[in-house]
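Trainee: Okay, predicted coordinates and the sequence, questions at the end:
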Amino acid sequence: MSCKHCGKECADEFCCSGCEAVYHIHDEKLQQKEAVISNNTGYEDFVEEGDNAYSITLQVDGMHCAACIMLIENALNSQAGVKSARVNFSTKRLRIEWDDGDINSLVKIVNNLGYHVKPYDQDLLNNADSRQQKYLLRCLAVSGFAAGNIMLLSVTLWSSTQEIMGLATQNFMHWVSMMIALPAIIYSAQPFFKSAFSVLKMRHTNMDVPISLAVILASGMSVLETINHGEHTYFDSALMLVFFLLIGRYLDARAKDKARDVATQLLSMMAGSATVIEGGKQKLVAIKDLKEGMLVLVAMGENIPVDGEVIEGISEIDLSMITGETIPQEVASGSKIFGGTINIAAPIKMKVTKASEESLLSSIVKMMENAEQGQAKYVRLADKAAKLYTPIVHTLGLLAFLGWVLIGGMAWQAALMIAITVLIITCPCALGLAVPVVQVLASSKLMKHGILLKSGDALEKLANIDMVVFDKTGTLTIGKPKLIGSSYDKKAHKLAASMAAYSKHPLSQALADSYSGKTIQMDVKEVAAKGLQAGNIRLGKRSWCGDDKAPEDGNLEIWLSEKGKKPVRFIFTDELKSDAVEVISELKNKGLEPMILSGDRSVITKNIAEQIGIKRFKAEISPAEKYEEIESLKSSGKNVLMVGDGLNDAPALRTANVSMSPSTAIDITQNSADIVFQGNKLEPVSYAYEIAKKSSKLVKQNFALAVIYNIIAIPLAVAGYVTPLIAALAMSGSSIIVILNSFRLNAGK
């Protein structure tokens, strides 16, 4: 026997009391949510309240193509009070924002369209996906088994004629084929029939309507031919059609599961439970129920459940899932830690500072959703194509039938098979998948490298840039002063470092950090706008305690003066990021023009520009002037990427065509950039551009494949050169080819 929760071999249902507790926590949650699902009520408990608006994230089952997305979004967006409704096809998530109205009535609208709406829960989604895939496999098995048996009968019918075989024998085989086919079609084609019937009830259509119509027409015509002792039936074609369509749908479902792996992994971290310490006792609490101020015990090897602060213990935290950094970070009492990271060294106690829905992990998931759901140019194009699909395909099918019967003089049975072929082969699936799959894969790939997309069209815009404008401090440089030179008098260095330890000024802190020996306890006072003083000893500005006659070289400096001694100058530099030179070189090799816009002094900015190989720069400019410079560049025809710290560069970041910002885990949601990257390197700028170019190329290829498919397939189908079986294979194959082409994004690093 194995444990119901963890799967470990054991003698009882559960291997330990912990697994049993967690299992029942999950079970209770699932029962609560299933109760909500059954009667379209109770969704108020899952609503998030914002500034003058409400929002909710739901799970939608039963979607198959871009037409489904368009149908759901249009139905909701047409309701009074709804600000936006956006479906993420890959993750099956529906995000609704509204300022007035009842959420239960909105949910009912989607359910009435034939889809199944539930409160979003990763466990529910995994269970639903598993059940759906098993159901598709059962339908696939039934249709395949029945089609195989009917094909055996059909071989005899195809290889002979009515005159040779005899009418009685032929009729017998047709009736046997019908008795096998009809129950099999009724069962195995249910995924298409149910979906089509539901949307037709609401006077809408989706891609399952023409598919269902094609199967029903082929089957109905075959039944009629059997009853009337006709020579030809098409039960084998109808079943093989269902069989091939089910193969395509099953592979499509598996591919979409694969595409959303990273988002699923992140969401799974927000599920589960944590060990809460209350009144000196430990108890398991669902992560979603953790509140600010709770004390949580995190064992070695466990995920940090939510954002918090270490209050006891020393350990190391694996940040790779959040930042992409592979080197563990040491934490101790007072250290801030974030949900989704892993405690790898020793047990720690933490105090919750943010509830699950407000945590860094939750913010990252929302950013990924926004990126995957963005209304980029190609998404809008695919939506328009899906909207036109149904009327066009039905019109084509009708015209093909009438044309062959009235003009071509063809028998109505053969003409109907051509119409059926047209209904099947003209499908917008490939077009609908052209963008979403690439978006999901790209955002997941970037996430693994600590790069987060905050807007859906960021990648599309990034792929079109021809110029990169950098802020200097904190972007090209580390943003932390460092003492340079090693020829300082040891006594002067010790004295200066001892005084500097009493100040929070960045230069003072850098000076204090530069001395590794034992410092002196001193009575130090801070003199506003000048520096530090301890008796007759001063540490601070040149004008207060330095040598006014000493030459200025533009470097940052602190002076130490002691009565009766010559002032000592300590020189600092803002160190370049380790890969700055390499990244600038890569960007130039890719045809991009780099530029620096800095508020720092000209001599320092020029020095940095020369070190990293940037010819064009402007220094000593204000945030407003940076904004004006970006506007000027855009007016001259440049597509500008602005890379800045996201705080004082906010105006320039907003006005650039697209923007990136180096960020810490604390402020990733607080800056103005379209793309946020973490860590102390510039490599994410080059990497994001590379992924953007690849994504753009793949999206264009996908559109080209979809368009070429329809240009070739539709005329062949109308001309009668394609059978329904080939049409089913072609339709499924076009979607699978687009998905496989999208997965080429995962090739390489």
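Mentor: All right, it came through fine.

Trainee: how's the protein carved up into domains?
Mentor: Using automatic domain parsing, the domain parsing of the chain gives 1-39, 45-120, 128-261+370-426, 271-358, 437-477+577-694, 479-576.

Trainee: Using CSV, lay out those domains together with mean neighbour count and distance to Gly720.
Mentor: Placement of C-beta: from N, CA and C, glycine included. As requested, those are exported to CSV (neighbours: other CB atoms under 10 Å; distance: least, CB to CB, whole Å):
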stretch, mean neighbour count, distance to Gly720
domain 1-39, 14, 47
domain 45-120, 18, 26
domain 128-261+370-426, 19, 5
domain 271-358, 17, 54
domain 437-477+577-694, 20, 33
domain 479-576, 16, 69
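
Trainee: Now these in a markdown table, please, with extra columns for mean pLDDT and distance to Ser735.
Mentor: Formatted as a markdown table, these follow (pLDDT from 0 to 100; distance: least, CB to CB, whole Å):
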| stretch | mean pLDDT | distance to Ser735 |
| --- | --- | --- |
| domain 1-39 | 49 | 29 |
| domain 45-120 | 80 | 9 |
| domain 128-261+370-426 | 78 | 6 |
| domain 271-358 | 84 | 31 |
| domain 437-477+577-694 | 84 | 10 |
| domain 479-576 | 88 | 48 |
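
Trainee: Save those domains as TSV, and put in distance to Ala719 too.
Mentor: Shown next, in TSV, are the domains of the chain (distance: least, CB to CB, whole Å):
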stretch	distance to Ala719
domain 1-39	48
domain 45-120	26
domain 128-261+370-426	8
domain 271-358	53
domain 437-477+577-694	32
domain 479-576	66
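
Trainee: Any idea which of these gets closest to Ile739?
Mentor: When those are compared by CB to CB, domain 128-261+370-426 sits nearest Ile739, at 4.5 Å.

Trainee: Please state the offset of the closest one from the chain centre?
Mentor: How far domain 128-261+370-426 lies from its chain's middle: 34 Å, per CA atoms, centre = their mean, to the nearest Å.

Trainee: Distance-wise, check Ser622 relative to Ala609.
Mentor: For Ser622, the distance to Ala609 equals 19 Å [CB to CB, to the nearest Å].

Trainee: What residues are bridge-paired with Ile558?
Mentor: Phe570 (DSSP bridges).

Trainee: hang on, it packs against Leu539?
Mentor: Yes - if you go by CB atoms under 8 Å, Ile558 and Leu539 touch, sitting 6.3 Å apart.

Trainee: Which neighbours do those two have in common?
Mentor: 496, 500, 508, 531 (CB atoms under 8 Å, 6 or more residues apart in numbering).

Trainee: Kindly provide the distance from the first one to Lys490.
Mentor: Going back to what we said before, that points to Ala496. Applying CB to CB to Ala496 and Lys490 gives a distance of 11 Å.

Trainee: Go ahead and measure how far stretch 578-587 is from the middle of the chain.
Mentor: 28 Å.

Trainee: which residues are contacting it?
Mentor: Under CB under 8 Å, 6+ apart, the answer for stretch 578-587 is 468, 476-477, 594, 611-614, 680-683, 685-686, 689.

Trainee: Show me which pair in the shared contacts of Ile558 and Leu539 is furthest apart.
Mentor: Ala496 and Gly531 (10.8 Å).

Trainee: Which parts of the stretch 51-200 of the chain are helices?
Mentor: Secondary structure of the stretch 51-200 of the chain (DSSP state H, counting those that start in this stretch): helices at 66-77, 103-112, 122-158, 162-165, 167-188, 190-201.

Trainee: what does the stretch 351-500 of the chain give?
Mentor: Counting by DSSP H, counting those that start in this stretch, the helices of the stretch 351-500 of the chain are 360-373, 377-402, 412-425, 429-433, 436-448, 458-462, 490-500.
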